[in-house]
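Undergrad: predicted model and sequence below, questions to follow.
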Amino acid sequence: MVVVMSPDATDEDVAHVVEKVESVGGEAFVSKGVVRTIIGLVGDIESFHHLNLRTLKGVADVHRISDPYKLVSRQHHPDRSTVWVGRPGQQVPIGPETFTFIAGPCAVESPQQTLEAAQMAKSAGATILRGGAYKPRTSPYAFQGLGIAGLEILGAVGEATGLPIVTEVVDARDVAVVAEHADMLQVGTRNMANFGLLQAVGDAGRPVLLKRGMTATIEEWLMAAEYIAQRGNLDVVLCERGIRTFEPSTRNTLDISAVPVVQATSHLPIIVDPSHASGRKDLVVPLSRAAIAVGADGVIVDVHPTPETALCDGPQALLGAELRDLAQAVRRLPDLVGRRPAVAAGAVS
């Protein structure tokens, strides 16, 4: 069961609902979005009914939810959500009315490389910069990222280009320092089921980009999002990045059907990562076109000024003609499905 608070509900109104729920032995999880606050209830449904929660001050509605994920379900939130990324006045939307292009280097290697990649991304039309300061790798001998030094580079490049930053956090102990430098926190595929990390990013006060685990079902993915929402953060964007199958011709198999399935089930935005899905730069543009056509809310891709020397995922990084083709696709195709390119608030598109 969830309680939907009115837009003008006060903190005292919310606290009163929580107090009532706890008085009958229930648990209440408060989650705040941009325009509304939702309280997820766990406990005896009949006891909750006797509280007459709809009559309490500040309560707009009460819903009984059959989905195992309560807060991210469309059963109580029929309109799909928009998540805003960046500083107030310069925020970029990710949601159902726009198409958001996120691009940058898979890994931060140096100030010059990161700045060049960011300039490439911005010239191609990207409005959010991606870059990895912490890199969870399959091999312990592979490049693991620059850590805090990488975060500082990202912050400086973000300031120089005016692009909000999304970067991955891999350890709950690092959430606070990453949140100091980044506008959006990414939870990668290997950590989708790291429940302690999910709870920590839920507490961090930043939007979260949650990638699908490589063997996760859609329900498991949405339950991971519920961990974040349950900690008070409804500003979650899902990212389909391919799942592991028997097919060896691509790095992963992009589950393009996940986009409409998620949109029918959850109010959260969903974007696609064609770079990590395919592992091949020649497939990034076709898969991006497919993502636009199926109704994704954006794409996130790798770019690099010198892919042949990249310390991470060089074979999938775009440069030159491929990047120009992608720029043309994200500029022209969203209009055909009723979307407009996402720009920062106050900017002229």
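TA: Received it, and whenever you're ready, just let me know what you need. On a predicted model such as this, the values are computed, not experimentally measured, just so you know. Numbers count the residues shown, from 1 in each chain.
Undergrad: quick one: the strands in the stretch 151-300 of the chain, in order.
TA: Secondary structure of the stretch 151-300 of the chain (DSSP state E, counting those that start in this stretch): strands at 165-168, 184-187, 208-211, 236-240, 270-272, 298-302.
Undergrad: out of those, which is the most enclosed?
TA: strand 298-302 (a mean of 29; mean count of other C-beta atoms under 10 Å). From N, CA and C alone the C-beta is placed, and that goes for glycine too.
Undergrad: of all the strands of the stretch 151-300 of the chain, which one is nearest Ala149?
TA: strand 165-168 (12.8 Å; C-beta to C-beta).
Undergrad: tell me the helices and strands packed up against the closest one.
TA: Contact analysis of strand 165-168 by 3 or more C-beta pairs under 8 Å, 6 or more residues apart in numbering; DSSP states H and E lists strand 128-130, helix 148-161, helix 175-181, strand 184-187 as its packing neighbours.
Undergrad: contacts for the longest one, please.
TA: For helix 148-161, the external contacting residues (C-beta atoms under 8 Å, 6 or more residues apart in numbering) are 107-108, 110-111, 114-115, 118-119, 122, 129, 131-134, 146, 163-165, 167, 177-178, 180-183.
Undergrad: what are the ranges of the helices in the stretch 201-349 of the chain?
TA: 218-230, 258-265, 274-278, 281-294, 321-332 (DSSP state H, counting those that start in this stretch).
Undergrad: tell me the helices and strands packed up against the host helix or strand of Glu12.
TA: Element membership for Glu12, per DSSP states H and E: helix 11-23. Helix 11-23 sits against strand 2-5, strand 27-32, strand 37-42, with contacts defined as 3+ C-beta pairs under 8 Å, 6+ apart.
Undergrad: so which of those strands is nearest Val285?
TA: Closest approach to Val285 among the helices and strands packed on helix 11-23 (C-beta to C-beta): strand 27-32, 37.0 Å.
Undergrad: just give me the neighbour total for Asp282.
TA: Other residues lying near Asp282 total 11 when counted by other C-beta atoms under 10 Å.
Undergrad: and stretch 290-300, how far out from the chain middle?
TA: Averaging C-alpha positions (C-alpha atoms, centre = their mean, to the nearest Å) puts stretch 290-300 14 Å from its chain's average.
Undergrad: mind saving the C-alpha coords of it as PDB?
TA: The C-alpha trace of stretch 290-300 is given here as PDB (Å, rounded to 0.1, in the frame of the first residue of the first chain):
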ATOM      1  CA  ALA A 290      16.400   1.400 -32.400                       C
ATOM      2  CA  ALA A 291      16.300   2.900 -28.900                       C
ATOM      3  CA  ILE A 292      14.800   6.100 -30.200                       C
ATOM      4  CA  ALA A 293      12.300   4.200 -32.300                       C
ATOM      5  CA  VAL A 294      11.100   2.000 -29.400                       C
ATOM      6  CA  GLY A 295      10.600   5.000 -27.200                       C
ATOM      7  CA  ALA A 296      13.600   5.100 -24.900                       C
ATOM      8  CA  ASP A 297      14.100   8.400 -22.900                       C
ATOM      9  CA  GLY A 298      17.700   8.700 -23.900                       C
ATOM     10  CA  VAL A 299      21.000   6.900 -24.800                       C
ATOM     11  CA  ILE A 300      24.400   6.900 -23.000                       C
END
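Undergrad: which residues are in contact with that stretch?
TA: For stretch 290-300, the external contacting residues (C-beta under 8 Å, 6+ apart) are 94-96, 98-103, 130, 166, 209, 237, 239-240, 254, 256-257, 259-260, 263, 269-275, 288, 329-330, 333-334, 336-337, 339, 342.
Undergrad: how about that stretch: buried residues?
TA: Neighbour-count burial for stretch 290-300, counted by 16 or more other C-beta atoms under 10 Å, picks out 290-292, 294, 296-300.
Undergrad: what's the average pLDDT for it?
TA: Stretch 290-300 carries an average pLDDT of 98.
Undergrad: what's the answer for stretch 32-39, then?
TA: Average pLDDT, stretch 32-39: 80.
Undergrad: measure it end to end?
TA: 9 Å (C-alpha to C-alpha, to the nearest Å).
Undergrad: same thing with stretch 169-177?
TA: 10 Å.
Undergrad: what does that stretch contact?
TA: With contact meaning C-beta under 8 Å, 6+ apart, stretch 169-177 is reached by 134, 136, 148, 151, 178, 185-188, 190-191, 194, 196-197, 199-201, 203-204.
Undergrad: just give me how far stretch 72-87 sits from the chain centre.
TA: Taking C-alpha atoms, centre = their mean, the mean C-alpha location of stretch 72-87 is offset from the chain mean by 11 Å.
Undergrad: buried ones in it?
TA: Using 16+ other C-beta under 10 Å as the test for burial, stretch 72-87 gives 72-77, 80-86.
Undergrad: report how many residues lie close to Gln316.
TA: Other residues within reach of Gln316, judged by other C-beta under 10 Å, total 25.
Undergrad: show me the contacts for the residue in the chain sticking out farthest from the centre.
TA: Outermost residue of the chain with respect to the C-alpha centroid, by C-alpha atoms, centre = their mean, is His50; its distance is 37.6 Å. By C-beta under 8 Å, 6+ apart, the contact list for His50 reads Val24.
Undergrad: Glu22 touches Phe29, doesn't it?
TA: No. Counting by C-beta atoms under 8 Å, Glu22 does not reach Phe29; the two are 11.5 Å apart.
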